[in-house]
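Asker: Sequence first, predicted model second:
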Amino acid sequence: MQPVWAFVTGVLFSIGLIVGGMTQPAKVLALMDLPGAWDPSLPFVMLGGIAVYAPLRLLMRRLRRCPTCDVCWHEPDKRRIDAPLIGGAILFGVGWGLAGLCPGPALVSLGTLRAPAIVFVAAMIAGMHLLRLQRLRAVRRRPGG
(Lines give C-alpha, C1' and ligand atoms only; values in the text may rest on other atoms or scores of the structure.)
Protein backbone atom coordinates (compact mmCIF):
# COMPACT_ATOMS: atom_id res chain seq x y z
CA MET A 1 0.00 0.00 0.00
CA GLN A 2 2.95 2.34 0.64
CA PRO A 3 3.87 2.68 -3.07
CA VAL A 4 0.27 3.65 -3.85
CA TRP A 5 0.29 6.40 -1.20
CA ALA A 6 3.70 7.59 -2.38
CA PHE A 7 2.36 7.84 -5.93
CA VAL A 8 -0.86 9.63 -4.88
CA THR A 9 0.98 12.17 -2.72
CA GLY A 10 3.58 12.70 -5.46
CA VAL A 11 0.85 13.42 -8.01
CA LEU A 12 -0.88 15.79 -5.57
CA PHE A 13 2.41 17.57 -4.87
CA SER A 14 3.13 17.83 -8.60
CA ILE A 15 -0.28 19.36 -9.26
CA GLY A 16 0.37 21.88 -6.49
CA LEU A 17 3.71 22.83 -8.04
CA ILE A 18 2.11 23.28 -11.45
CA VAL A 19 -0.89 25.29 -10.18
CA GLY A 20 1.40 27.42 -7.98
CA GLY A 21 3.65 28.28 -10.92
CA MET A 22 6.76 26.66 -9.42
CA THR A 23 7.44 24.79 -12.69
CA GLN A 24 7.59 28.01 -14.73
CA PRO A 25 11.22 29.18 -14.78
CA ALA A 26 10.18 32.65 -15.99
CA LYS A 27 7.93 33.07 -12.94
CA VAL A 28 10.70 31.92 -10.60
CA LEU A 29 13.23 34.25 -12.22
CA ALA A 30 10.71 37.14 -12.01
CA LEU A 31 10.66 36.59 -8.24
CA MET A 32 14.39 37.32 -8.15
CA ASP A 33 14.21 40.31 -10.49
CA LEU A 34 13.67 42.99 -7.83
CA PRO A 35 14.45 46.07 -9.94
CA GLY A 36 12.67 44.70 -13.04
CA ALA A 37 9.47 42.71 -13.54
CA TRP A 38 9.32 41.54 -9.91
CA ASP A 39 6.60 38.94 -9.20
CA PRO A 40 6.21 38.26 -5.46
CA SER A 41 3.50 35.56 -5.85
CA LEU A 42 5.73 32.49 -5.31
CA PRO A 43 6.51 33.22 -1.64
CA PHE A 44 2.75 33.16 -1.05
CA VAL A 45 2.60 29.71 -2.65
CA MET A 46 5.41 28.55 -0.35
CA LEU A 47 3.84 30.17 2.72
CA GLY A 48 0.51 28.55 1.86
CA GLY A 49 2.16 25.14 1.77
CA ILE A 50 3.89 25.77 5.10
CA ALA A 51 0.65 27.05 6.66
CA VAL A 52 -1.07 23.78 5.79
CA TYR A 53 1.85 21.42 6.50
CA ALA A 54 3.26 22.78 9.78
CA PRO A 55 0.15 22.51 12.00
CA LEU A 56 -0.82 19.15 10.51
CA ARG A 57 2.69 17.80 11.09
CA LEU A 58 2.61 18.90 14.73
CA LEU A 59 -0.85 17.40 15.19
CA MET A 60 0.11 14.07 13.60
CA ARG A 61 3.30 13.82 15.66
CA ARG A 62 1.21 14.24 18.83
CA LEU A 63 -1.58 11.86 17.83
CA ARG A 64 0.41 9.02 16.25
CA ARG A 65 3.44 7.03 17.30
CA CYS A 66 4.34 6.39 13.65
CA PRO A 67 3.16 7.58 10.23
CA THR A 68 0.33 5.79 8.45
CA CYS A 69 2.55 4.30 5.75
CA ASP A 70 5.83 3.73 7.60
CA VAL A 71 7.18 2.21 10.80
CA CYS A 72 8.76 5.38 12.22
CA TRP A 73 9.03 9.15 11.79
CA HIS A 74 12.11 10.16 9.83
CA GLU A 75 13.93 13.18 11.24
CA PRO A 76 17.26 14.68 10.17
CA ASP A 77 20.23 13.22 12.05
CA LYS A 78 22.26 16.41 11.87
CA ARG A 79 21.08 19.61 13.51
CA ARG A 80 24.16 21.82 13.22
CA ILE A 81 25.06 24.20 10.45
CA ASP A 82 28.28 23.10 8.79
CA ALA A 83 30.28 23.79 5.62
CA PRO A 84 28.55 21.13 3.46
CA LEU A 85 25.15 22.56 4.42
CA ILE A 86 26.19 26.12 3.60
CA GLY A 87 27.87 25.02 0.36
CA GLY A 88 24.80 23.04 -0.66
CA ALA A 89 22.52 25.99 0.10
CA ILE A 90 24.69 28.29 -2.01
CA LEU A 91 24.80 25.78 -4.86
CA PHE A 92 21.01 25.33 -4.65
CA GLY A 93 20.43 29.10 -4.70
CA VAL A 94 22.77 29.67 -7.63
CA GLY A 95 21.17 26.84 -9.60
CA TRP A 96 17.68 28.11 -8.81
CA GLY A 97 18.65 31.63 -9.82
CA LEU A 98 20.30 30.58 -13.08
CA ALA A 99 17.80 27.97 -14.24
CA GLY A 100 14.60 29.07 -12.53
CA LEU A 101 14.12 25.45 -11.42
CA CYS A 102 14.80 23.50 -8.27
CA PRO A 103 14.77 19.68 -8.00
CA GLY A 104 11.06 19.03 -7.35
CA PRO A 105 9.66 21.33 -10.02
CA ALA A 106 12.40 20.21 -12.44
CA LEU A 107 11.27 16.58 -12.11
CA VAL A 108 7.67 17.64 -12.69
CA SER A 109 8.80 19.70 -15.70
CA LEU A 110 10.35 16.61 -17.28
CA GLY A 111 6.83 15.77 -18.42
CA THR A 112 7.01 18.72 -20.84
CA LEU A 113 10.10 17.21 -22.52
CA ARG A 114 11.57 20.72 -22.78
CA ALA A 115 15.34 20.96 -23.08
CA PRO A 116 15.90 23.18 -19.98
CA ALA A 117 14.18 20.66 -17.70
CA ILE A 118 16.02 17.72 -19.26
CA VAL A 119 19.40 19.46 -19.00
CA PHE A 120 18.71 20.56 -15.40
CA VAL A 121 17.71 17.05 -14.27
CA ALA A 122 20.67 15.48 -16.09
CA ALA A 123 23.05 17.94 -14.41
CA MET A 124 21.38 17.31 -11.04
CA ILE A 125 21.78 13.53 -11.40
CA ALA A 126 25.41 13.95 -12.51
CA GLY A 127 26.07 16.16 -9.48
CA MET A 128 24.54 13.59 -7.13
CA HIS A 129 26.73 10.86 -8.61
CA LEU A 130 29.85 13.03 -8.36
CA LEU A 131 29.09 13.73 -4.70
CA ARG A 132 28.58 10.01 -4.07
CA LEU A 133 31.92 9.19 -5.72
CA GLN A 134 33.67 11.92 -3.73
CA ARG A 135 32.26 10.55 -0.47
CA LEU A 136 33.26 7.00 -1.36
CA ARG A 137 36.82 8.15 -2.07
CA ALA A 138 36.93 10.02 1.24
CA VAL A 139 35.84 6.87 3.10
CA ARG A 140 38.46 4.77 1.33
CA ARG A 141 41.24 7.25 2.23
CA ARG A 142 40.47 7.09 5.95
CA PRO A 143 42.62 4.76 8.02
CA GLY A 144 40.75 1.51 8.44
CA GLY A 145 38.27 2.51 5.65
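Answerer: Structure's in. What do you need? Numbers count the residues shown, from 1 in each chain.

Asker: what ranges do the strands span in this protein?
Answerer: Assigned strands in the chain: none (criterion: DSSP state E).

Asker: Mind naming the longest helix for it?
Answerer: As assigned by DSSP state H, the longest helix anywhere in the chain is helix 115-141.

Asker: now for it, which elements pack on it?
Answerer: Applying 3 or more CB pairs under 8 Å, 6 or more residues apart in numbering; DSSP states H and E, one finds that helix 115-141 makes contact with helix 83-99, helix 103-109. Quick note: C-beta positions are derived from backbone N, CA and C, even for glycine.

Asker: ok, Q2 touching C69?
Answerer: Yes: if you go by CB atoms under 8 Å, Q2 and C69 touch, sitting 4.6 Å apart.

Asker: Low-confidence ranges, the chain, go.
Answerer: Residues of the chain that meet the criterion pLDDT under 70 lie in 1, 144-145.

Asker: in stretch 124-136, what counts as buried?
Answerer: M124 (16 or more other CB atoms under 10 Å).

Asker: quick one: contacts of that stretch?
Answerer: Outside stretch 124-136, the residues that touch it by CB atoms under 8 Å, 6 or more residues apart in numbering are P103, A106.

Asker: and it, how far from the chain's centre?
Answerer: Centroid displacement of stretch 124-136 relative to its chain, using CA atoms, centre = their mean, to the nearest Å, is 17 Å.
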